[in-house]
Structure formats: C-alpha cells, structure tokens
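# everything below, folded, please.
(chains A and B, ligands or ions: 2)
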Amino acid sequence: MKKISELLNDCVFFSHFPQEYLNLIGGCGKNRVVKSGQYLAQEGDAAEAFYVLRKGRVAIETHMQGHGVLLVETLGSGELIGWSWLVEPFKWKFDVRVLEQAHLIEFDGGCLRKKAENNPELGYLLMKKIALVIAGRLSATRLQLIDIYGKGGH
Amino acid sequence: MKSENPLLPVPYRVVKYTQETSDVFTIELVPEGSQQSMEFSPGQFNMLYQFGVGEVAISISGNSAKADCYVHTIRAVGTVTRRMKMLTERSQIGIRGPFGVPWPLDKAQGKDIILVAGGIGLAPLRPVIYAYLANKSKYGRLSVLYGARSPKDLVFKKEFSKWRKLGVELSVAVDAAGPTWKGHVGAVTKLIPNLDLDPGKSLVMVCGPEIMMRFIADPLLGRGVVEKDIYVSMERNMQCAVGFCGHCQYGGEFICKDGPVFSFDRLSSTFLRREF
Ligand SMILES: Cc1cc2nc3c(=O)[nH]c(=O)nc-3n(C[C@H](O)[C@H](O)[C@H](O)COP(=O)(O)OP(=O)(O)OC[C@H]3O[C@@H](n4cnc5c(N)ncnc54)[C@H](O)[C@@H]3O)c2cc1C
Ligand code: FES
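Numbers count the residues shown, from 1 in each chain, chains lettered A, B, ... in the order given. Ligands and ions are numbered 1, 2, ... in the order given. Predicted coordinates for the structure are as follows:
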C-alpha cells in the first residue's frame, strides 16, 4: 500500500511541494473512507481536521431557520475540504456531508499547525496554497451571490 | 435565396414553440411563401423582428446541417423578447440574417473542444455540439461545462442524456439547488480545475454573461490555455447588424460584423474596462 506522502504526490493541491515537505505533511495524515450520507463535520464543532478528497463527492451545507438545509457547494476529487483548522477559533463554519462514498486523506490540523510553526518555509507554502483555495472559493461565492444568470444576465 | 437587402426583414412563420424554462422558449421558423436559404454557421445570429414592437439579435441554436428551418432559443427579458414569448405556432415574425463571425470550428479540427456556457449562453453553442457529433472523427474530445442558476433554469435538459451517450463530456454546475439535485453546486468556474485538459491541444469557446466570461478566463489561463485559444461570444445591442450604425461598437470593433465571436487576445485589453 502507498504511503501517505506518496499519495500526496498525486494530489493537485500538493503539486509544487518539495518531497521533504510532503514527507513532513504526510506524517500528519491518514487514509479514511466515509460512506455516503455521513457527516465529516458539523457547524460549530471543533475543527481538528481537514481533508483532501481523493475520490467521491461531498456537500457543504448550512441550516437556515425556516428554510431547512441549504446546499452551498459541492466538492469533488482532488479538492480540499476545510480551512477552519487554520483560523481561530478553530470551529467548523458549515456542515460537510458525504454525497458519494469519499476516499479521503484526513490531516490532523493541530499536528500540521505545529510543524508549520517550527518550519516557517513549509508554513508559508501551505498558507499560500490554502489562501489560493480560499480566494477561489470567495470569488466563486460572489459569482453565485450576484446571480449572474438572473435578471439582466445573458 | 437570401434577401438582396440586408436591412429588409423577410416574413417567417413559427412552426414549433417549446417552453424550455419559465422564461426561456425555443421557436422553429420557416419562410412564408418564397424559397429562402437557411444556411448558417454555428455562432451566427439573426435579427428577429416582432412587427410593431421592435427587433432583437438572437443566435441560431439549431443544427447547421439541417437547413430546413431556423431554430432560436430566447430568454424573455425586455420589451421585444417578452412579446415574443407570447408567439404561438403559426405566428409571423420578420428575420434578417444570418449575420456575424462564427465559432472557429475549422481551427478546432484535430483538437479537443471545450465549451463553457452560462445560462442561455448554451443556445449559441448548441450548434457546435451538433457539428461535433456529426463529424466526430475530425475532432478530439468534446467537454461541455454548463453553469445555470438552478436545476429548473437548465435549457435543453432533454438532450443531456443523449449527448452524454454519444460521448460528450457534460458537467453542469448550478448556483443553488435542493437536496434532490445530484450534480455540482457552485460557480461554473469550479469545473475548470478538475477538467481533463491538454492546453496545447484544446480550443475553448465561451458564451454567457460577460462577468462569467471574465471570471472563466483566469482559471483557464492558469491551466495553461493561451488567450488565442479561447473564443468568446460578445453581446451588445444591435440596430443595423451590418456595420453601418455603430450601435454595437466595442473599442475598435463592431460586434455585429467583426464578432460576435472573438478570440480572447483581441479583447483582453478592453474586457475589464468599464467604459467599454
Ligand atoms: C449577437 C447576439 C446574440 C444574442 N443571442 C441571444 C439568444 O440566443 N437568446 C437570447 O435570449 N438573447 C440573445 N441575445 C440578447 C438579446 O438580443 C437581448 O436580450 C435583447 O436585446 C433583449 O431585447 P428586449 O427588447 O426583449 O429587451 P430590452 O427591453 O432591450 O431590455 C434589455 C435588458 O435591459 C433591461 N431593461 C429593460 N427595460 C429596462 C428599463 N426600463 N430600465 C432598466 N433596464 C431595463 C432588461 O431587463 C434586459 O436585461 C443576443 C444578443 C446578441 C448581441
Ligand atoms: S449594429 Fe449597426 S454597426 Fe453593428
């Protein structure tokens, strides 16, 4: 069976990371399979982990009084799930529900934070990559919110 | 035979009317009386004249190999198109056209084709799907990335499973959906990172709201696609549609005769400028 650091080589998210960093990051990760319908995280819970989805699909959801469950976004293979482990107060902001059986690498956020503190170069690289994901999601969310296909759209 | 005078509408009759969504409908039109050529190239548009109301530019959404009628898919947004939504089979409208520069299907030969459509932007791209399916051996793969507001706003839904069966790789992302929706939820841009893409060997054609086209360019360029391999179809209000009136001017270009299809490198300097 492949070691976690080897699996990271196949993840787009970790492309451009030197092998020595993949070895360090891999030390905080483990394989996990989660069945469809189960929750990876629930809003308000302590965010101790984050995930890279190797196969499957998950939904980012929230619950709105009077409207029930709202599906905010779906994530698929290769995508990063969760950044709350990196940002105080380390609490999940949304629910994460598995839609199609998920093959994940689960990372211990505390473990990786410690390694990043001790190795600023690794920490900076990781921050840059995660900032890129967050920035991408922010602009995508704005597109969703301004209703580009609605009134006045093409 | 095409009308001698490009400013003179020719009467056509609606022979089929299909409601696609609550505000989008498709009409099929044949000429009244005399024989009329209905040849067009994918990406071209006609000027549709609702007598007594006004005239609008609408892309041709049908099959260019089947020149026995014009097919148009229209979203009712304003004065003319809202009136057109009330057309029925046998109604008459005027047509001038076809006009405009088509999608670069010749340049796409031997390449993978990637279509990115937003909302009703799938209508001008549908003829490309038909042309691809009729001549698959000429091209590589066809991927269609389609973004819409919600599952009930998807146009041409009935054709999706047929397209997929024939080898079209179709991914749909909606901005919002209920729990029964099995596809992606999120902006159409999110479909780019996971796209199986060979940048040097691909040609991208994009049609949708201008803001979507701006946002889609970045992740495509980020994946290594160069500007000259990205084509966009631009929209501006039209009047003459033949380069006389200047109504459709965009920088140094007239959308009606130099476009509506442009390679992205021709527009990228003006694309983000508000005054254009
Ligand atoms: C080359 C080309 C191809 C096109 N292809 C298609 C196509 O295939 N299908 C399609 O549906 N459309 C297409 N369009 C767009 C179509 O031409 C326009 O939607 C059309 O101009 C609408 O005309 P209208 O008279 O119905 O709307 P208008 O009344 O001209 O309104 C146009 C826009 O202005 C807004 N508006 C209207 N009145 C007001 C007001 N008083 N105050 C503020 N805003 C207002 C409307 O909400 C609408 O968004 C294409 C355009 C071009 C240039
Ligand atoms: S519409 Fe008149 S110049 Fe283009």
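# give me the neighbour count for B:Glu253.
Neighbour count for B:Glu253, taken as other CB atoms under 10 Å in any protein chain shown: 18. Where you see a C-beta, it was placed from the backbone N, CA and C, and this is true even at glycine.
# give me the neighbour count for the closest residue to ligand 1 within chain B.
Ligand 1 sits closest to B:Gly78 of chain B, with a gap of 2.0 Å, by CB to the nearest ligand atom. Neighbours of B:Gly78 under the rule other CB under 10 Å: 11.
# look up how far ligand 2 lies from it.
17 Å (CB to the nearest ligand atom, to the nearest Å).
# ok, now which ones touch the nearest residue to A:Glu48 once chain neighbours are set aside?
Nearest non-adjacent residue to A:Glu48, counting by CB to CB, 6 or more residues apart in numbering or on different chains: A:Gly109, 5.5 Å away. By CB atoms under 8 Å, 6 or more residues apart in numbering or on different chains, the contact set of A:Gly109 is A:Ala47, A:Glu48, A:Ala49, A:Phe50, A:Trp85, A:Leu86, A:Phe90.
# and those residues, which is closest to chain B?
Taking CB to the nearest CB as the measure, chain B lies nearest A:Phe50 of those, at 17.7 Å.
# distance of the closest one relative to ligand 1?
According to CB to the nearest ligand atom, A:Phe50 stands 42 Å off from ligand 1.
# what about that residue, how many residues close to it?
24.
# in a strand, it, correct?
Yes - using DSSP: H, G, I helix; E, B strand; the rest coil, the assignment for A:Phe50 is a strand.
# can you count the residues close to A:Lys129?
16.
# residue contacts, the residue sitting nearest the centre point of chain A?
Residue closest to the average C-alpha location in chain A (CA atoms, centre = their mean): A:Ile81, at 1.6 Å. By CB under 8 Å, 6+ apart, the residues touching A:Ile81 are A:Leu40, A:Phe50, A:Tyr51, A:Val52, A:Leu53, A:Val58, A:Leu75, A:Val96, A:Leu104.
# the same query, at a cut-off of 6 Å, please.
A:Tyr51, A:Leu53, A:Leu75 (CB atoms under 6 Å, 6 or more residues apart in numbering or on different chains).
# now swap in A:Leu80 and tell me
A:Leu80 neighbours (CB under 6 Å, 6+ apart): A:Phe13, A:Val52, A:Val133.
# show me what it is bridged to.
Beta-bridge partners for A:Leu80, by DSSP bridges, are A:Val52.
# mind checking pLDDT for it?
Here, the pLDDT recorded for A:Leu80 equals 93.
# separation between it and A:Cys11?
Separation of A:Leu80 from A:Cys11 (CB to CB, to the nearest Å): 9 Å.
# list the residues that contact both of those two?
In contact with both A:Leu80 and A:Cys11: A:Val52, using CB under 6 Å, 6+ apart.
# closest to ligand 1 out of the contacts of A:Ile81?
A:Leu75 (32.3 Å).
# how about the closest one, what does it touch?
A:Val58, A:Ile81.
# one more time with 7 Å
With contact set as CB atoms under 7 Å, 6 or more residues apart in numbering or on different chains, A:Leu75 has these partners: A:Leu53, A:Val58, A:Ile60, A:Ile81.
# turn those residues into TSV, columns for distance to B:Asp153.
Below are these laid out as TSV (distance: CB to CB, whole Å):
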residue	distance to B:Asp153
A:Leu53	28
A:Val58	24
A:Ile60	21
A:Ile81	28
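# who wins on neighbours among those residues?
Neighbour-wise, those (other CB under 10 Å) top out at A:Val58, 27 neighbours.
# name the element B:Arg82 belongs to?
helix B:79-84 (DSSP states H and E).
# just the residues contacting the helix or strand just after that helix, thanks.
Of the helices and strands lying after helix B:79-84 in sequence (DSSP H and E), the nearest is strand B:92-99. For strand B:92-99, contacts defined as CB under 7 Å, 6+ apart pick out B:6-7, B:9-13, B:29, B:32, B:40, B:44-51, B:60, B:70, B:241-242, B:256.
# again, 6 Å this time
Contacts for strand B:92-99 (CB under 6 Å, 6+ apart): B:9-13, B:40, B:44-50, B:241.
# does it reach ligand 1?
No - figure legend: strand B:92-99 not in contact with ligand 1 (CB under 6 Å from any ligand atom); closest approach 8.0 Å.
# which SSE is immediately downstream of that strand?
Scanning forward in sequence from strand B:92-99 by DSSP H and E, the next helix or strand is strand B:112-118.
# just the buried residues of the helix or strand just after that next one, please?
Counting by DSSP H and E, the element after strand B:112-118 in chain order, helix or strand, is helix B:122-134. Buried residues in helix B:122-134, counted by 16 or more other CB atoms under 10 Å in any protein chain shown: B:Leu122, B:Ala123, B:Pro124, B:Leu125, B:Arg126, B:Pro127, B:Val128, B:Ile129, B:Tyr130, B:Ala131, B:Tyr132, B:Leu133.
# for stretch B:162-174, same thing?
Buried-residue list, stretch B:162-174, by 16+ other CB under 10 Å: B:Trp163, B:Val168, B:Leu170, B:Ser171, B:Val172, B:Ala173, B:Val174.
# so what's the residue lying closest to B:Gly224 once chain neighbours are set aside scoring on pLDDT?
Spatial nearest neighbour of B:Gly224, chain neighbours left out: B:Pro199 (3.5 Å); criterion: CB to CB, 6+ apart. Model confidence at B:Pro199, expressed as pLDDT, equals 92.
# pretty sure B:Pro127 sits against B:Lys66.
No - applying CB atoms under 6 Å as the test, B:Pro127 and B:Lys66 come out as separate, 10.0 Å apart.
# host element of the residue lying closest to B:Pro124 once chain neighbours are set aside?
Closest residue to B:Pro124 apart from its sequence neighbours, by CB to CB, 6+ apart: B:Ser59 at 3.6 Å. Using DSSP H and E, the element containing B:Ser59 is strand B:54-59.
# again, but for B:Met213
Per DSSP H and E: B:Met213 is located in helix B:210-222.
# mind checking the pLDDT average for the helix or strand that the strand holding B:Ser59 is followed by?
Next helix or strand after strand B:54-59 toward the C-terminus (DSSP H and E): strand B:70-75. Across strand B:70-75, pLDDT averages out at 97.
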